[in-house]
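**Student:** Give me a 3D structure for the following:
(one chain, ligands or ions: 2)
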Amino acid sequence: MSKMSRTTKMMFLALIAGTLLVAIVLTFIALGVFHPVPWLLVASLLIIPFLLSRSEKQDFVVWKDEYSVGVDSLDDDHRKLLNLINNFQTAVRYRTGKAFEKEALDEVVAYTKYHFEREEKMMLETGYPQYEAHKEIHRAMIEKIDGFLIDYSERGYEALEDISLYLKDWLVNHINGTDQEYSALFKEKGLK
Ligand SMILES: [Fe+2]
Ligand SMILES: [Fe+2]
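**Tutor:** Ligands and ions are numbered 1, 2, ... in the order given. Model prediction:
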């Protein structure tokens, strides 16, 4: 269910809750209060808020030690990026309004660009052999984000869920995949 958009999730759960509610009333009328079936339905209905809060927690990105690339400044950047994505997601989820959403999105984008530059500079300094390939991955990501920003200016709020999902998946996979490849060299060169 984590890939479903929040709106779809909410509608899906609302539909189930509505159906359960009708079923509870009907089974109470048909079977009476001493029959277990309507009570089982009541219990199912009470599980819904629990499911909702669990799925929300899953949506947040949490830093894990295995994400570390062994260079403090880059780990700090990566942590900060994940925090900014969580902020952006919160701004989208709670419909905080256009100004907040835009500000949170701009912050992720600006910090991502800043971080890519820092990383690329370190790759050049250390003579990292995959420099060109890694830089190209960064460039393609920035191009994709620029496309999203256009999409946002055209579609408004509706575009934000796609952007938020993309940013989260992309950054977590990149930090935990492609970025790990320079880790040994950077550590060997004593980068901090
Ligand atoms: Fe990175
Ligand atoms: Fe990178």
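**Student:** only C-alpha atoms for contact and neighbour calcs from this point on.
**Tutor:** OK.
**Student:** center of the chain - which residue?
**Tutor:** Compute the mean C-alpha point of the chain, and by Cα atoms, centre = their mean the closest residue is Lys168, 3.7 Å away.
**Student:** biggest helix in this structure by residues?
**Tutor:** Using DSSP state H to define each element, the chain has its longest helix at helix 98-126.
**Student:** Tell me which other helices or strands the helix or strand that that helix is followed by touches.
**Tutor:** The C-terminal neighbour of helix 98-126 among helices and strands, as given by DSSP states H and E, is helix 131-155. Under the contact criterion of 3 or more Cα pairs under 8 Å, 6 or more residues apart in numbering; DSSP states H and E, helix 131-155 touches helix 98-126, helix 158-176.
**Student:** quick one, the helix or strand of the chain with the lowest mean pLDDT and helix 158-176 angle?
**Tutor:** None of the helices or strands of the chain scores lower by mean pLDDT, DSSP states H and E than helix 36-59, at a mean of 82. Relative orientation of helix 36-59 and helix 158-176, computed by axes from the mean of the first three to the mean of the last three Cα atoms, to 10 degrees: 60 degrees.
**Student:** who touches helix 36-59?
**Tutor:** Met1, Ser2, Leu13, Ala17, Leu20, Leu21, Ala23, Ile24, Val25, Thr27, Phe28, Leu31 (Cα atoms under 8 Å, 6 or more residues apart in numbering).
**Student:** give me that answer again for 6 Å
**Tutor:** Ile24, Thr27, Phe28 (Cα atoms under 6 Å, 6 or more residues apart in numbering).
**Student:** ok, back up a step: now for the helices and strands packed on helix 131-155, which one comes closest to Arg79?
**Tutor:** helix 158-176 (10.0 Å; Cα to Cα).
**Student:** Please identify the buried residues of the helix or strand following the closest one?
**Tutor:** For helix 158-176, the following helix or strand on the C-terminal side (DSSP H and E) is helix 183-188. Within helix 183-188, the residues that count as buried by 16 or more other Cα atoms under 10 Å are Ser183, Phe186.
**Student:** how far does helix 183-188 sit from the chain's center?
**Tutor:** With Cα atoms, centre = their mean, to the nearest Å as the basis, helix 183-188 stands 28 Å off its chain's centre.
**Student:** Stretch 118-125 now?
**Tutor:** 27 Å.
**Student:** Please consider this matter closed, and thank you.
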